[in-house]
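Participant: let me see the structure of the following:
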Amino acid sequence: MKKILWGVLSTAKIGLEKVIPAMQQGKHCEIVAIASRTYESAREAAKKLKIPKAYGSYQELLDDTSIDAVYIPLPNHMHFTWTIKSLAAEKHVLCEKPISLNAAEARKLHKETQKYPQLKVMEAFMYRYHPQWLRALDIINEGGIGLVKTVHSFFSYYNKDPENIRNIPEVGGGGLMDIGCYCISLARLIFNTEPQRVLGRIEYDPNFKTDRICSGILDFGHGISTFTCSTQLIPYQRVNIFGTKGRIEIEIPFNAPPEKPCKIFHQHHNTIDEIILDKCNQYTIQGDLFSLAILNDNRVPTTLDDAVANMNVIEAIIKSSEKESWSIPES
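Facilitator: Numbers count the residues shown, from 1 in each chain. Sure, this is the predicted structure:
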């Protein structure tokens, strides 16, 4: 079975602990190289994960012509630059979310990718490929909860480490960029359209200057989504989707554990069905789906149009909070 040969730009924790081990289990992925700012760091990661090649700079990895695609888990402020450089090196790109620091950058990246029609680029919203989300969407599309009217989502963790990139504004830190983007993404996925206007309320950490609590309302015209995300609240995540005839609750919507089954709840009339999904790794699924898009020269599961649209909404939430009124996302 043919596999895509992957390189990884960065020894970031998410890559080392979650994404790389998961992709190594894929049917269509083979991780062949990893790069860091120092050769020692790359070599240590390569040895630990049994990756054949280690490079002491990101560009060295990109210069390796045997590599088909790169996974980019670099800090947010480096996503745009290294995606562009990867495309110039004729590599397909799977980049961690958010794809850029702002909407203008996202639109510029989208325009730049059009110079490379033979290459695939995708923002890594892995949750979308987990069977629990596919099942939830099937229930919705089959009329299992009637007309969807509102979506409530919550995502939080507690992190006050001043050295952590999530608490450094210059590199794209803050809760909205890190986890609020999931809440926005899922609302747009469920309603299958873009919000007409948004309302945001953001509280900033007085020392870090990053957003530590953000709540938002997304008005889709025929329905509304509300969310709260935080970097300084008790860890929790949940999504509830309410319709005229039922409800879907997703217990662990984003960080679905690969080692045990997940469950969702489908309430219809006076009955609540508990639906158990077999254990799986959403990072493995994501890697294989992207690799298959390359192998078969198909459209990627989530296009860059979607990444730009999500960033448009994030930016509108920030503007809304600043001016304390509704804001209309760019289209």
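
Participant: packing partners for the top helix by length along the chain?
Facilitator: With secondary structure taken from DSSP state H, the chain has its longest helix at helix 304-323. If contacts are counted by 3 or more C-beta pairs under 8 Å, 6 or more residues apart in numbering; DSSP states H and E, helix 304-323 sits against helix 103-113, strand 121-123, helix 181-191, strand 197-204, strand 211-219. Using the backbone N, CA and C atoms, a C-beta is placed for each residue, glycine as well.

Participant: same thing but at 7 Å, please
Facilitator: Using 3 or more C-beta pairs under 7 Å, 6 or more residues apart in numbering; DSSP states H and E, the elements in contact with helix 304-323 are helix 103-113, helix 181-191, strand 197-204, strand 211-219.

Participant: so which of those is nearest Lys53?
Facilitator: Using C-beta to C-beta as the measure, helix 103-113 is the one of the helices and strands packed on helix 304-323 that comes nearest Lys53, at 26.3 Å.

Participant: neighbouring contacts of the closest one?
Facilitator: 80, 83-84, 87, 99-100, 121, 304, 307-308, 311-312, 315, 330 (C-beta atoms under 7 Å, 6 or more residues apart in numbering).

Participant: stretch 58-78 too?
Facilitator: Residues outside stretch 58-78 that contact it (C-beta under 7 Å, 6+ apart): 4-10, 12, 14-15, 19, 32-33, 35, 55, 79, 82-83, 85-86, 89, 91-96, 98, 101, 165, 170-172, 177, 294.

Participant: make JSON lines from the helices and strands packed on helix 304-323 and add distance to Asn240, mean neighbour count and mean pLDDT to it.
Facilitator: JSON lines is the format used below for the helices and strands packed on helix 304-323 (distance: least, C-beta to C-beta, whole Å; neighbours: other C-beta atoms under 10 Å; pLDDT from 0 to 100):
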{"stretch": "helix 103-113", "distance to Asn240": "28", "mean neighbour count": "18", "mean pLDDT": "96"}
{"stretch": "helix 181-191", "distance to Asn240": "11", "mean neighbour count": "24", "mean pLDDT": "98"}
{"stretch": "strand 197-204", "distance to Asn240": "19", "mean neighbour count": "19", "mean pLDDT": "98"}
{"stretch": "strand 211-219", "distance to Asn240": "15", "mean neighbour count": "22", "mean pLDDT": "98"}
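
Participant: buried ones among the contacts of helix 103-113?
Facilitator: The neighbour count (16 or more other C-beta atoms under 10 Å) marks 80, 83-84, 87, 99-100, 121, 304, 307-308, 311-312, 315 as buried among those.

Participant: of all those residues, which comes closest to Ala46?
Facilitator: Closest to Ala46, out of all of the buried ones among the contacts of helix 103-113 and judged by C-beta to C-beta, is Thr83, at 22.7 Å.

Participant: all helices for the chain, in order.
Facilitator: Secondary structure of the chain, counting by DSSP H: helices at 13-14, 20-23, 39-49, 58-62, 79-88, 103-113, 131-141, 175, 181-191, 282-295, 304-323.

Participant: among those helices, which is nearest Gly223?
Facilitator: Nearest to Gly223, of all the helices of the chain, is helix 181-191, at 5.8 Å by C-beta to C-beta.

Participant: hmm, who's touching that closest one?
Facilitator: 97-98, 125, 127-128, 140, 148, 151, 153, 155, 194, 218, 220, 223, 225, 227, 229, 239, 241, 254, 309-310, 313-314.

Participant: how close does Thr65 get to Ile318?
Facilitator: Per C-beta to C-beta, to the nearest Å, Thr65 is found 41 Å from Ile318.

Participant: nice, that's everything, thank you.
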